[in-house]
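Pasting the sequence and the predicted coordinates here, then a few questions.
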Amino acid sequence: MTKTSREYILPFLTLIVAYEWLISSIDKMLTKNYVSAFRSQLSQGISDIQIHPYANLVKSIGLPQYHLLSMVVMIAELFVALSFIVYAVHKFMGKSNKGICRITFIASIVAAFMSLNYSILGGDTLFADPANAFQEGISIDWIFFLFETTLAFYFYSQIKIINSIENVEKVDKAA
């Protein structure tokens, strides 16, 4: 694989994830009763949660604040999508920007957090579940969580690399 093709793989994969978040956010914006549907989704999902402290957290914080939480989710999905799109466009243009890396690092953490919450709320598990023989081994939410966590580490390392390059350039200018 040539260096050029490697440079396009991550932006392309990031665009795929951005598309998923963008469509999810737009669906929420276009749904007339999104806030009430969000509340009912939370209520129904509590019974599927296999991690009891998380179920208690959703009951005590998520349900009472469902209106605020629903808006935060919709805005966060849009933020993640737009951040990933901007990053991919910049990489396709051959540019590297510390500010974009920082924003995309934050977006990766937000995306991973949302994917983790979606998988737990949906009752997904990484282990064998005899109660649900027809559930896939690993859900798309878990795959997204793993990918977005990997992206967060990648963007963190990119920020560190850009910082070290800037420090070398400052030393060179001073000398």
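Now that the structure is in, tell me what you want to look at. Numbers count the residues shown, from 1 in each chain.

Show me what the helix or strand containing residue 120 is packed up against.
Under the criterion of DSSP states H and E, residue 120 resides in helix 98-121. Contact here means 3 or more Cβ pairs under 8 Å, 6 or more residues apart in numbering; DSSP states H and E; on that basis helix 98-121 packs against helix 66-92, helix 140-174. Glycine gets a C-beta too; all of them are placed from N, C-alpha and C.

and the nearest residue to residue 70 once chain neighbours are set aside, which of the three is it?
Excluding its sequence neighbours, the residue lying closest to residue 70 (Cβ to Cβ, 6 or more residues apart in numbering) is residue 38, at 3.9 Å. Of the three states, residue 38 takes helix under DSSP: H, G, I helix; E, B strand; the rest coil.

if we can go back for a sec, tell me the most buried of the helices and strands packed on helix 98-121?
Highest mean neighbour count of the helices and strands packed on helix 98-121: helix 66-92, a mean of 18 (counted as mean count of other Cβ atoms under 10 Å).

on contacts alone, who are the packing partners of that helix?
When contacts are defined as 3+ Cβ pairs under 8 Å, 6+ apart, helix 66-92 sits against helix 3-30, helix 34-46, helix 98-121.

What angle do helix 34-46 and it make with each other?
Inter-element angle recorded for helix 66-92 and helix 34-46: 100 degrees (by axes from the mean of the first three to the mean of the last three Cα atoms, to 10 degrees).

Helix 66-92 vs helix 140-174, what angle?
Interaxial angle of helix 66-92 relative to helix 140-174 (the same axes, to 10 degrees): 50 degrees.

picking that back up, now distance to residue 18 too, for the helices and strands packed on helix 98-121, in CSV please.
Formatted as CSV, the helices and strands packed on helix 98-121 follow (distance: least, Cβ to Cβ, whole Å):
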stretch, distance to residue 18
helix 66-92, 3
helix 140-174, 11
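
Any chance of CSV for the ones you listed, columns mean pLDDT and distance to residue 27?
Shown next, in CSV, are the helices and strands packed on helix 98-121 (pLDDT from 0 to 100; distance: least, Cβ to Cβ, whole Å):
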stretch, mean pLDDT, distance to residue 27
helix 66-92, 94, 9
helix 140-174, 88, 16
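
before we move on, the earlier item: looking at the helices and strands packed on helix 66-92, which is closest to residue 62?
helix 34-46 (5.4 Å; Cβ to Cβ).

Now find how far off-centre the following helix or strand past that closest one is within its chain.
As assigned by DSSP H and E, the chain's next helix or strand after helix 34-46 is helix 52-57. Computed by Cα atoms, centre = their mean, to the nearest Å, the chain-centroid distance of helix 52-57 equals 22 Å.
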